[in-house]
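>>> Quick one, structure for this:
(6 chains, ligands or ions: 2)
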Amino acid sequence: MEILIASSVGVLTAAGLYLMLRAQTFPVILGLSLLSYAVNIFIFAAGRVAPGMAPILDPAAIGYVDPLPQALVLTAIVISFGMTAVIVIMALGAYLNSGDDDVDAAGSDISGGAG
Amino acid sequence: MILSAALSFAIGCFALALLLNLIRLLTATTLPDRILAVDTMVVNVIALIVLYGVKSSSAVNFEAAMLFAMTGFISTVAFCRYILRGQVIE
Amino acid sequence: MNHLIIAPIVLPAVLAGLIVLLARRAMLAQRLIGAVALLALLGLSVVLLRQSGEIPAQAYFLGNWPAPFGIVLVLDRLSALMLVLTAGLAAVIWAYAVVTGWDRRGRHFHTLFLFQMMGLNGAFLTGDAFNLFVFFEVLLIASYGLMVHGGGTARVRAGVQYVAFNLLGSTLFLFGLAAIYSVTGTLNMADLAVKLAVLPPGDAALIRVAFALLLMVFAIKGALVPLHFWLPGTYAAAPGPVAALFAVMTKVGAYAMIRLGTLIVTAPATEGLWQAYLTPAALCTMAVGAVGVLGSHSLPRMVAFAGIGSMGVVFLAIGAGTPQATSAALYYMVHSTLATAALFLLADMITPAQGRDDVQGRGAAASGVMAALFMAAAIAMAGMPPLSGFVAKLLVLDALRDKAALMWSAVLLASLLTILGFARTGSRLFWKPPTDVSPAPAPDNPGAIAAVVALLAAIVGLTVFAGPITAWLDMTAQALHLPTGYIAANALPGVP
Amino acid sequence: MIRKIFPHPCLSALLAVTWMLLVNRFAIGSLVLAAVLGTVIPLMTANYWPGRPRLTRPWAMVPYVALVLWDVILANIQVARIILFLPPDQIKSAWIVVPVDLASAEAITLLAGTITMTPGTLTADMTADGRVLLVHALHAPDPQAVRDDIKSRYESRLKRIFE
Amino acid sequence: MSLALIAALPFLGALLAGLTIRFGRTASAASAFAVTAVALGLIVPHIPDVLQGKAVQTQIVWLPSLGMNANFMLDGLGLLFAILILGIGLLIILYAGFYLSAKDDWGRFFSYLMLFQGAMLGIVLSDNILLLLVFWELTALSSFLLIGYWSHLPQSRRGARMALAVTGSGGLALIAGMLILGQVAGSYDLSVIVTQKATIQASVWYLPALILILVGAFTKSAQFPFHFWLPHAMAAPTPVSAYLHSATMVKAGLFILARFWPVLAGTEAWFMIVASTGLVTMIWGAVVALFKHDLKAILAYSTISHLGLITFLLGLGTTAGAVAAVLHILCHASFKAALFMSAGILDHAAGSRDMRAFGGLRRLMPITFGLTLLATLSMAGLPPLNGFLSKEMMLEVASHTAWRGNTWLVPGFATFAAMLSVGYCLRYVAHLFFGPVRRDYPAPPHDPAFGMWLAPALLVAVVVVMGLAPMTIAGWLIDSAASAVTGTPVQTTIKLWHGWQNPALYLSALAFGGGFVILGGWSRLSGAWQSLPIPDAKQAFDAGLGALTALAQSVTAALHSHSFSRAISIATVTICAVGLLAFTGADHSAGTLPATPIQAVPAALWLLLIATLCASVALHRDRMIAVLLIGVVGLIISVGFAYLSAPDLALTQITVEVVTVVLLLLALNILPKHSGPAGSRARHLRDIAVAGAAGIGAAALCYALMLRAPAFAPISAFHLAQSKSGAGGTNAVNTIIVDFRGYDTYGEIIVLGIAALLIIALIDGLLAPGPARDRILARLPHANPTGEAHPMMMQVATRLILPFALMIGIYIYLRGHNLPGGGFVAGLVFAIALVMQYMASGQEWMQHRKRLNYHTILGAGVLIASATGLGSWFAGRPFLTSNYAYVSLPPLEVFELATASLFDLGVFLCVLGAVMLILESLSKLGLAARKGP
Amino acid sequence: MSVVAELVIAALLGVGGLFGLIGSYGLLRLREPMQRLHAPTKATTVGVGTALIASALDLVWVTGAVSWHEVLVAVFLFLTAPLTALYLAKAHLGRTINRNEVPPTGTGADWAGFEATPDTPKP
Ligand code: NA
Ligand code: NA
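Ligands and ions are numbered 1, 2, ... in the order given. Sure thing, here's the model as predicted:
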C-alpha cells in the first residue's frame, strides 16, 4: 500500500514537473495542478495511512487517521485552487496581451546600451 | 459468506469496468466519446464507493458519492458545452 | 493576553474587507481607509517594538489553545523589527502610490495593498511553521495582484513566470512541512526546536531533508542563487511602488531563515545544515547581483540586481551563524530594504512611461533633484560612505573576519562592480545631454520626491543612530541564538 | 400571499421530505428545520423558476414512476443482451422522429428523460419549441413501433398528469 | 572649538553654497569662502598645543560595537594638511570666482567643492580609521562630481568615471587593509594603532594589510601603474584641478603613507614596494610630462612625478626621508596650485591649452609670465625658491640610499628624474613665453583681471618667501608634521646652503645641466618618443572596463534570458541535490512500521492513476484532452482519499476539481487549443531526467516517512482528545479547521478572497482599451458554435435540481462540525449549483435574477470570519477563541450552538463569493470575445 | 441476518456488478458513437442503482435503521442521466455526425442542435 502511495506521489510530481517544463501557459497550469495533487497526497501520507481507520470520533474505533495532515491538505487544496485561478487568468492575460502562448522568452534581455 | 463473495464480485466488476473505461478513454477517436468514458467512470466510481461502504459497514462516504454524482454531471455538461459552444458559461 | 499582537494582521484584513464591501468604486474612501490603516499599522508596530524590548518574547495563543496544539503568534524583537520596517516602508510607498496616481491604474490596489500588509505581518508574527506557509501564500497572492497592477504585456508576462515559480516554491514548502510533521509530530516552531534536540538519531537524515527543503523555499523567496531567476524580470516589470514594496518581500525569506535557522541550529541532526549551503550560494548571489548591476540595460533591472546582490550579503552573514553576524545581517537587511525601495521609486519617477526600455542611452531624463536623490540612494545601495550601506558593509565584514580572505574580497569586489554599474548608469542618465529621442523630463512631483526623501531620511537615521541601533540588534541576535525566551513564551507542556 | 411565500408548494414539500431523508433520523428539530428549508430555498430560488407548472393529477405521478422503473429494469436486460450477444454488424440503430403533443416544458422534459432512461432509446435532440423529439434507438428493426410505443406508453400518461 | 565641528563646517558650507545661489553667484562663492575662512580660523587656536606635540582630540561615540567612532585628532601632520586644505581652498574659491563663467552653475560647483573640502579635512582630522574610510570614500565621490562637473562633455563623464573606478577600487582595498590593521592592532583608533608597531609588523597579516593599504594610497596618489586616471581628471574645471589634483586629494594617499609610517614603515617590504614605486612613478611621470602638449596634461604628469618623489621619500623609511617628504608636500602644493591657476589663466585668455599654439607670450602677458616663471623654476628646483629646498633634501637623502646593496642606483635614478623635471620645466616656460610673438593665437592673449591673478600671486609669494626664509615661514609646521609622521620629535634645519661638501649640490647641478641639454634636443627627443610604442593607459583602461561591462552584460543576459523552463530545471536539480546531500549527511534508520498489504481495489486505482498520468503527459498537447485526463486524475485521488478514510478530503477534492475544470475550460476557450512542440529531443530527454529525478526524490521521501514510526506523539493526539470536549465536534478534521487551527483557515479564505479581487482587477485590465482587448475583439469566435445556447431540457431540469443542490450544500455545512463536510465544501456545492444554473440559462439571464452581489458575499464572509474572531475579545479571550453551548428549546431536542459554526459561515460565504466572482468575471471575458467589436 | 436477506442482497450485488461491467463493456464493443451512448447511460445507471439498493438493504439488515441516502444518490443519478445523454448526443450531432444522416423534423423548425444561434454569426 505504502509503495502505491509513494509511487503515485512520485509519478504525479514527475508528470507535473514535466508539464511545467513545456513552458507554455496551459501545460504549466496543468503541471502545477498535478504538483499540488502530489503534495496533497504527500501531506496526507505524512500522517501515515491505513485503510479502515475511523474518520469521525467513534467509541468503537480501532484507531483514527491522523486528522491534522487532513486539515493541512484542506488548507492546501483551497489555497492551491485560488492560486490556480490566478495563474489561469494571468496566463490568459499574457496570451491576450502578447499573442504568444509561451511562458519562456518573455521579451529579450539584450538591447543596445552604448554611450 | 455468500454476501462477502457477492460483494467482492461486484467490486471486482466495477473495478474492471473502470479499467475498461480507461481503455476507452485512451483509445477513443472523438472528444464526445472520451467525455462519455469519463462520465461512465464517475458512475462506476460511485458504485465502488458505495460498495466499499457496504464492505466496511460505514456510511461515512455517502456524501462523497452524492457529490461525485453532482460533480460528474456538471463536468460532463461543461465539457459538452465546451465542445459545442466553446463558451461554457454564456 | 496582549491583543495588540494580532492587530497588525486583523486590522488590515478588516479594513480591506470593508473596502470590498462598501467602497469598491469610491477611490477617495479607499484612500482614506488606506491612510488610516497604514498610520495605525505604523503606530501599532512602534508600540509593539517598544514592548518587545521589555519582555524577551510574548506569545498570543490563538483560539486560546495551548501551544503546540493551537497556533501561536510570538512577538519578539526580531518580529517587531520586521513589523516596523514593513509598516514604515509601506506607509511611504503607499503615499507615493497615491500621489503619483499609481493606485488608480487598476482596480483593487488598496485592498491588495492592505492584504499584502496582512500577509507580511502574519508571516513575521507567527510561531507556527504551517501558519507561516499560509501567510506566505497570503502575501504572495497579494503580491501577484500588485505585481500586475495596471496591466501591460511585459508586466503580465513576467507575472506568469513569477506566479509559476512561486507556486513551485509553495509546493516545496508543503513537502518540507509535511516531512517535518511526519518526523516530529509538531508544527509549532518552538516545539520543533525542543523536539529536534532529542530527536532519535535514526530520524536525522529525514529531518535534514525536510529542513533542506525549507531552506530552498526561503532561498526562493530571498532570491538566493540559483533560485533567483524569478526576481529580475518580476521586479523590473512590476509597477515602481510595488517593486519598492517588494524590497521587503525578499527579506521575508531571510527572516524565515533567521527565525527557523536559529531554532534548529543547535540540534544535533540539523547543526550547520543550512550554513553549509548558504555560504557558497550567498557568494554566488553577491556575484550575480553585482555582475547584473553592471550588466543591466535598464534602471529597474539594475536595481533588481542590486537587490539580489544585497540579499547575497545578507545570506552570507546569516550563513556565518554567529550572533554578531546575525546582528549585522539584520542591520544590512533594514538598510538594503530602504535603499532598494528608494531606488525603485526613483526608477519609477525617472522612467515613468516605458520603464523597461533601454534608458541608459537616452540621456538626461530628469532634474537635478532627481540626480541628487539618485546619487544618495545609489551611494547607500553600493555601500559607499557616508550612508548606512557603508556601516552595514563594515558590520558584515567585521562579523565575517574569521574567513576574511575569501569573504572580504568577495564583498568588496561585489561593491566595486556595483559602484561601477551605478556610476555608469547615473552618469548616463543624468549627465548625458538629451538627444532628440529623449522624452521631455517629467515635471518633478513634490509628493513623490518627499516619499524618496523620507526613505533616505530613514537611511540617514540608520547611519547616525547606528550605535544604539546595532546595540539593540546585538541583543536581538543574542536572544535569537539563545532562544530560551522564545521557547519559554510558548509555554510548552513539559518544557521549563 | 401564500403564492408569494410558497412559489412552488410541491417543491417545498419535496424539499422537506428530502431533508428528512438526508438527516435520516426523525426528530422534531429536524422537522422544524425541514419546514424552514422547504420554505426558504424555494424563495431563494424563485427567481430561477419563473412560472408554476400545472399539475392536474399529481398523484398519477406515482404509477407513472413505477411503470418507468419497471421498464428500466426489463429493458436493461434487453440492452445487455444486445451488447453481449448481438454481433455489432447486426445491430440496427435508427433515428426516430417523435412529434409531441405535450404543452408544458416540464412535461416535455419528463418525456424526453423517460425516453432516455428506458433502454434502447435515447433523446438526442428536439426542436427549439419541444414539439418534436429526435430519438435514437439502439436496435430498432421497426422504428415505427418504437414511436408508437413511446406515444402510447409514456406520452399519454404524462398528458393525463399535466393536462 | 571641537574638531568635529571644524570637520563639519565645510559640509555646512556645501549646503550654504547650494542655498545661497538663490541670492546670486557671488553670494554662493562668498559663503563658501567665509565658511572656509572660519574653519581655518578655528584651527588656529589649536596650533600652540599641536606645536608642543600635544594632539588635540575630540571623541564622539558612534558605533562602539564595531569600534567605529567619530574620533577626531589634530596633530602636526593633520595640521599641515588642514592648513593646506583650507588655505589653498580659500585661494581656489577666490580664483574660481573669476574663472567660472556666468553660464556655469555656481551653486553646484561650490557645493561640490565644499563637499570635497569637508571630505578631505575629515581624512586628515580622523583619529578613527573607519571614520577616515568614510571621508576617504567621500573624496572619491565628490571628486567624481567635480570631474564630471561639465557633464555635457563626454571626456568629463568618462574622466569622472575613470577616477571613481580607480580610486573607488583602491578605496575598497584600503577598507580591507584598514580592517585587517584594526583587527591586528585591536583597535580602529589611530592613536592606539600607532603604538602597536611591533605587534603589527610581527603579524602574518602585515604583508596583506600593507599591500591593500598601499593599493588604496597609490591609486589615490596616482602612483604607477595606477596613475593614468589623473590626466583624464583634468577634464575638470581648472580650479578643481588645482585643488584636488595637485594640492590636496592626490596627497591623501601620501597622507595615508605618512599616517601609517610609524607602524608600517621600516620593513624591507615597505622600502621595496613604496620606494621603488615612488622612484618609477617619479621618472615615468617626468618622461611623459616632457612630451605632452596640453598644459594641464603636462602639469598632471609632473604632479604624478612629484607624487612619486614624495612616495619615494616616505618609502625610504628614514626620518630624513620623512622630513623631506613633508617639506615637499608643502612646496609642491604651493607651486603646483599656482601653475594650475596660471594654466587656467592662459586657457581663459588665449583660448587654448595646447602648448603648440603658444610662444612669445612673455611680453603680451607679463604678469602671468612672471608668476609662471617663478612657480616653474621652483618646480625645477632652482634656488632660492622653495622647490629647491625639498629637491635638494631629496637628492641628499637619495645619495645615501642603497637599493639591495647597490649604492648608485637610487641616486642615479633620482638625479635622472630631477634632470627630466628640469627639462620639462624649462620647456614649459620656454615654449610658452619665449620665442617670437605669433599672429595665430586662438584668442588675443592678455593678462587677466587682478582678482584672477591674485590667488596664484599669493601662492608664488609663498614659493619665494619660503625659499628665502624656510625656517621662519614653515619650520614649525614641518617640524611638527615630521614629528607626527615619525612618531619622534624632529628638529630640522632647512636652509638654502648646505656647504660645498653636500653631494646633493652636485647632483642638482648635474640635473640642471642635463635639463638644458634636454631642452636643446627636445624636438629630436620628442620625435623619438612619439615613435615609441607606448601603450595608452586610458585606452587599455577603457578597453578593460568596456570588456568587463560587456562581459557582465552577456553573462547577465545569458543567465537571465527569461527562460522559465531553464529556471525551473535549475531549481529542481538544485533542490534535489541539496535534499540528497542533506540526507546523506546523517544517519538514517529504515522505517519499522509494517507495510499495509496491497488490496485489489487500490491496486486497480493505482493502475488507473498511473495510466492516466502517462496518458496526460503523452497527450498533453491536445489541451482539451489534457483537461479531461487531469479531471480523471483528480477523480481517482478523491476516491483514494475516500478509501483511506479521509472523507473530508474526498469531498473537497472532488468539488474543487469540478470548479477547476470549469475554470480551465473557460480559459481554454480563449487560449490556443493545442500546445506547440516544446523543443528538441535533447530537451525532452533533459526534462524527463529532471522531472524523473524530482519524482524519485518525492517518492523516496514519502516512502521513507510512511514506514518510519513517529519519533514523538503527534500533536493531533490532543486534537482527537479535545475535539468533542474542547471544540464541541466529533469531526476532528473540521474542529481543527474551524477551531484548533482556525487561524490557518482565516488566512486561507483571505487567499481565496484576494484571488477573486486580483482576477477581477486583471480582467478589468484586459477589457480596458489596449492590445489585449483588441485581440479579444479581433479573435474569431469559437470554431462554430453549434446548436442552441440553452437547451430547454436542461433549463427545465435545473429548476428542480438547483433547490436540491442548494439544500445539499446547507446539509453539508450544518453537519460539518460532527461529520464530513463544512463551510468550505458547502460553499463549493453552492457555487457548483449556481454554475449549473449559469450553464443552463446563461449569464444574462442570471444577471437579472441575482439577488446578492458576489462582492458583497465575499466581503461579508471576510467580515463575519473576522468578527467571530474578534468577538472573543469581548470575553477577554484571544482572537478566534470559540465557544459552544448545548441549547435546549422545547419541543426541540437539545442542539448545539457553536461560534465556530459562525466562523464556518464566514468561510462558506467567502468561498461562494470568491468562486462565483472568479467564474463570472472569466466568463465575461469569453462573452466579450463572442460579441466581437 | 436472515439467509434470505443475505441472498437478496447478494443477488442485487451480483446483478449490479454485472450491469456495471456490461455498460462499460458496451462502451468498448459498440461501433457507432450514438450506439455507445446507450450502454453507460442505462446499464451503468442500473448497475449503480442496484448496488445502492443493495447497500441500503444491507444497512437496514445490519443496523436496523433505514438509510435513505442511497435512495437520494440513485434519484440524483436517474435525474441527471438523461441530461448527460442529451448533451453527449448533442456533442455527437454537432461534431461527429453528418447532419444528412439525421431525419428532418417534419415541421418547419429545425432540430435545436442544428439551428444557427442568432447571436453568433457562423464563420
Ligand atoms: Na527585494
Ligand atoms: Na532587495
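>>> contacts, neighbours, all on C-alpha from now
Fine.
>>> all helices for the chain, in order.
Let's take chain A. A:2-20, A:25-46, A:67-98 (DSSP state H).
>>> could you do chain B instead?
Going by DSSP H, chain B shows helices at B:2-27, B:31-55, B:62-85.
>>> Can you give me the neighbour number for the residue lying closest to residue E:849 once chain neighbours are set aside?
Closest residue to residue E:849 apart from its sequence neighbours, by Cα to Cα, 6 or more residues apart in numbering or on different chains: residue D:47 at 5.6 Å. Number of residues near residue D:47 (other Cα atoms under 10 Å in any protein chain shown) recorded here: 16.
>>> What of residue B:59?
17.
>>> what pLDDT does residue E:431 get?
Per-residue pLDDT puts residue E:431 at 90.
>>> Isn't it up against residue E:359?
Yes. Counting by Cα atoms under 8 Å, residue E:431 does reach residue E:359; the two are 5.3 Å apart.
>>> what would the helices of chain A look like in CSV with mean pLDDT, distance to residue E:816 and mean neighbour count?
Below are the helices of chain A laid out as CSV (pLDDT from 0 to 100; distance: least, Cα to Cα, whole Å; neighbours: other Cα atoms under 10 Å in any protein chain shown):
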stretch, mean pLDDT, distance to residue E:816, mean neighbour count
helix A:2-20, 96, 27, 27
helix A:25-46, 96, 20, 27
helix A:67-98, 94, 13, 26
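>>> quick one: which of these is nearest chain D?
Among the helices of chain A, the nearest to chain D by Cα to the nearest Cα is helix A:67-98 (24.4 Å).
>>> So is that closest one next to chain E?
Yes. Counting by Cα under 8 Å from any Cα of the partner chain, chain E is contacted by helix A:67-98 at A:67-68, A:70-71, A:73-75, A:77-79, A:81-86, A:88-90, A:92-93, A:95-98.
>>> Quick check: which helices or strands does that helix pack against?
The elements that helix A:67-98 packs onto, with contact taken as 3 or more Cα pairs under 8 Å, 6 or more residues apart in numbering or on different chains; DSSP states H and E, are helix A:25-46, helix C:153-184, helix E:647-668, helix E:716-725, helix E:732-735, helix E:742-767, helix E:771-778.
>>> wait, which of those helices is closest to chain F?
By Cα to the nearest Cα (comparing all of the helices and strands packed on helix A:67-98), the closest turns out to be helix E:771-778, at 13.1 Å.
>>> Is chain F within reach of the closest one?
No. On the criterion Cα under 8 Å from any Cα, helix E:771-778 is out of touch with chain F, staying 13.1 Å away.
>>> Mind checking the helices of chain A for the one nearest to residue E:691?
helix A:2-20 (4.5 Å; Cα to Cα).
>>> Listing request: residues of chain D with sub-threshold pLDDT.
Applying pLDDT under 70 to chain D flags residues D:1-2.
>>> remind me, longest helix of it?
Max-length helix for chain D by DSSP H is helix D:61-85.
>>> just checking, residue B:51 touches residue F:53?
No. Shown here, residue B:51 and residue F:53 do not form a contact pair, counting by Cα under 8 Å, at 10.5 Å.
>>> So for the two, which sits in the more crowded spot?
residue B:51 (24 against 21).
>>> tell me the contacts of the most centrally placed residue in chain A?
Geometric centre of chain A, nearest residue: residue A:36, 1.7 Å, by Cα atoms, centre = their mean. Neighbouring residues of residue A:36 by Cα atoms under 8 Å, 6 or more residues apart in numbering or on different chains: A:77, A:80, C:171.
>>> residue contacts, the last one?
Translated: residue C:171. A:35-36, A:39.
>>> Now tabulate these in a markdown table and tack on distance to residue F:74.
Shown next, in a markdown table, are the contacts of residue C:171 (distance: Cα to Cα, whole Å):
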| residue | distance to residue F:74 |
| --- | --- |
| A:35 | 34 |
| A:36 | 32 |
| A:39 | 34 |
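>>> now, which of those sits nearest residue C:229?
Distances from residue C:229 to the contacts of residue C:171, taken by Cα to Cα, are shortest for residue A:35, at 20.2 Å.
>>> Just the strands from chain E, written as ranges.
E:56-63, E:68-74, E:884-887, E:895-898 (DSSP state E).
>>> Residue C:101 is nearest to which of these?
strand E:56-63 (40.5 Å).
>>> Okay, buried residues for the closest one please.
Neighbour-count burial for strand E:56-63 flags E:56-58, E:62-63 (criterion: 16 or more other Cα atoms under 10 Å in any protein chain shown).
>>> need these in a markdown table with pLDDT and distance to ligand 2, can you?
Output for the buried residues of strand E:56-63, formatted as a markdown table (pLDDT from 0 to 100; distance: Cα to the ion, whole Å):
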| residue | pLDDT | distance to ligand 2 |
| --- | --- | --- |
| E:56 | 90 | 43 |
| E:57 | 91 | 40 |
| E:58 | 92 | 37 |
| E:62 | 92 | 26 |
| E:63 | 91 | 24 |
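>>> any idea how far residue D:41 lies from residue D:55?
From residue D:41 over to residue D:55 the distance is 21 Å, taken as Cα to Cα, to the nearest Å.
>>> Please apply the same query to residue C:383.
85 Å.
>>> Compare those two and say which is more crowded by neighbours.
For residue C:383 and residue D:55, the more surrounded residue by other Cα under 10 Å is residue C:383, and the numbers stand at 26 against 19.
>>> Next up, the contacts around residue E:310.
Here residue E:310 is in contact with E:254, E:278, E:324-326, E:328-329 (Cα under 8 Å, 6+ apart).
>>> pretty sure residue E:619 contacts residue E:629?
No. Because the distance of 9.1 Å does not satisfy Cα under 8 Å, residue E:619 is recorded as not touching residue E:629.
>>> Just want to know which of the two has more residues nearby.
Legend: neighbour count by other Cα under 10 Å for residue E:619 and residue E:629, higher for residue E:629 (27 against 15).
>>> wait, what's in contact with the closest residue in space to that one that isn't next to it in sequence?
With sequence-adjacent residues excluded and distances taken as Cα to Cα, 6+ apart, residue E:629 is closest to residue E:616, at 5.7 Å. Neighbouring residues of residue E:616 by Cα under 8 Å, 6+ apart: E:625-626, E:629-630.
>>> just to revisit the earlier point, got CSV for the buried residues of strand E:56-63, with distance to residue A:103 too?
Formatted as CSV, the buried residues of strand E:56-63 follow (distance: Cα to Cα, whole Å):
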residue, distance to residue A:103
E:56, 67
E:57, 64
E:58, 62
E:62, 51
E:63, 49
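>>> State the helix or strand in which the residue of chain D found nearest ligand 2 lies.
Chain D approaches ligand 2 most closely through residue D:44 (51.9 Å), counting by Cα to the ion. Assigned by DSSP states H and E, residue D:44 falls within helix D:28-45.
>>> what's the nearest residue to the residue of chain C found nearest ligand 2 if we skip its chain neighbours?
Closest approach between chain C and ligand 2, counting by Cα to the ion: residue C:307, at 3.5 Å. The shortest distance from residue C:307 to any non-neighbouring residue, by Cα to Cα, 6+ apart, is to residue C:340 (6.1 Å).
>>> In which helix or strand does that neighbour reside?
Going by DSSP H and E, residue C:340 is part of helix C:323-350.
>>> which helices and strands sit right next to that helix?
Against helix C:323-350 (3+ Cα pairs under 8 Å, 6+ apart) you get helix C:77-99, helix C:240-246, helix C:249-264, helix C:299-320, helix C:368-382, helix C:388-399, helix C:446-464, helix C:466-481.
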